[in-house]
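[1] Pasting the sequence and the predicted model now:
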Amino acid sequence: MYCLARRSVGQSRLIYWVYRKNKKNEYYSRRARAEGFPARSVYKLKEIDEKYKIFRWGDRVLDLGCAPGSWMMYAVQKVGDEGRVVGVDLGDLKISLAANMRFVKNDITKLRFDDFLEFNKNFDVVISDLAPKTTGVETADVVNSVMLANEALTLARLALRPGGNFVCKVFECELAENFCKEVEESFRFVKRFRPKAVSKGSREFFIVALDRKSPNNG
């Protein structure tokens, strides 16, 4: 048990912040385990979907950075047996795939032609929870995250039918503003959203982009 009376006010606040952060993370982690999801990140997508109605029954979904599989699990529940979910990641899944799910183990920047056959304007939704391997240098990590977000946007433009939806994780920085403007060029509705399950102190937020514009006439 901490004896806060012997600590400075600043130290006490730091301990309280860490305690609150860990308590929040533990809540979502316990909930994920109880509900059969391999990661707490599912509740970020769930809140986004409940607010913005990302998925519909029968949708075809492309999940970028899908491992360990929580987002794929949630998406397939929303689209049902008539829908389809394709996930791409370098890491391994921790879920079993249903008949209407497919996993491509690959770097999204190195997808082969055969993989791109899946992305021929066939998808109704593209979701991205891509995150770079951390270097420990905050500036570099944030820049790398925006680079991945741009890769996700490139694939979304390739994969989405007109009217389709795009959800992408981004980290706050100057480059993020430019990324948001890029997204606005391709979608009729674009919002920044920070789900409750995001850790306090994190720069993480999500771009929610609805109604993909037609590449030909805007």
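    Good, I have the coordinates.
[2] For the chain, which residue occupies the most central location?
    Nearest residue to the geometric centre of the chain (CA atoms, centre = their mean): Asp129, 2.7 Å.
[3] residues near the closest residue in space to it that isn't next to it in sequence, how many?
    Nearest residue to Asp129, sequence neighbours excluded (CB to CB, 6 or more residues apart in numbering): Gly65, at 4.6 Å. Where you see a C-beta, it was placed from the backbone N, CA and C, and this is true even at glycine. Other residues within reach of Gly65, judged by other CB atoms under 10 Å, total 22.
[4] Surely Gly65 is in contact with Ala131?
    Yes - at 6.6 Å, Gly65 counts as touching Ala131 under the criterion of CB atoms under 8 Å.
[5] Need the overlap of contacts for these two.
    148, 169 (CB atoms under 8 Å, 6 or more residues apart in numbering).
[6] buried residues in the longest strand anywhere in the chain?
    Ranked by number of residues, the top strand in the chain under DSSP state E is strand 160-171. Going by neighbour count (16 or more other CB atoms under 10 Å), the buried part of strand 160-171 is 160, 164-171.
[7] Out of those residues, which is nearest to Trp57?
    Of all those, Trp57 sits closest to Asn165, with 14.2 Å by CB to CB.
[8] any idea of the pLDDT on that closest one?
    Looking at Asn165, its pLDDT stands at 98.
[9] Please renumber the chain so that the first residue is 47 from this point on.
    Will do, 47 is the new start, and the previous item becomes Asn211.
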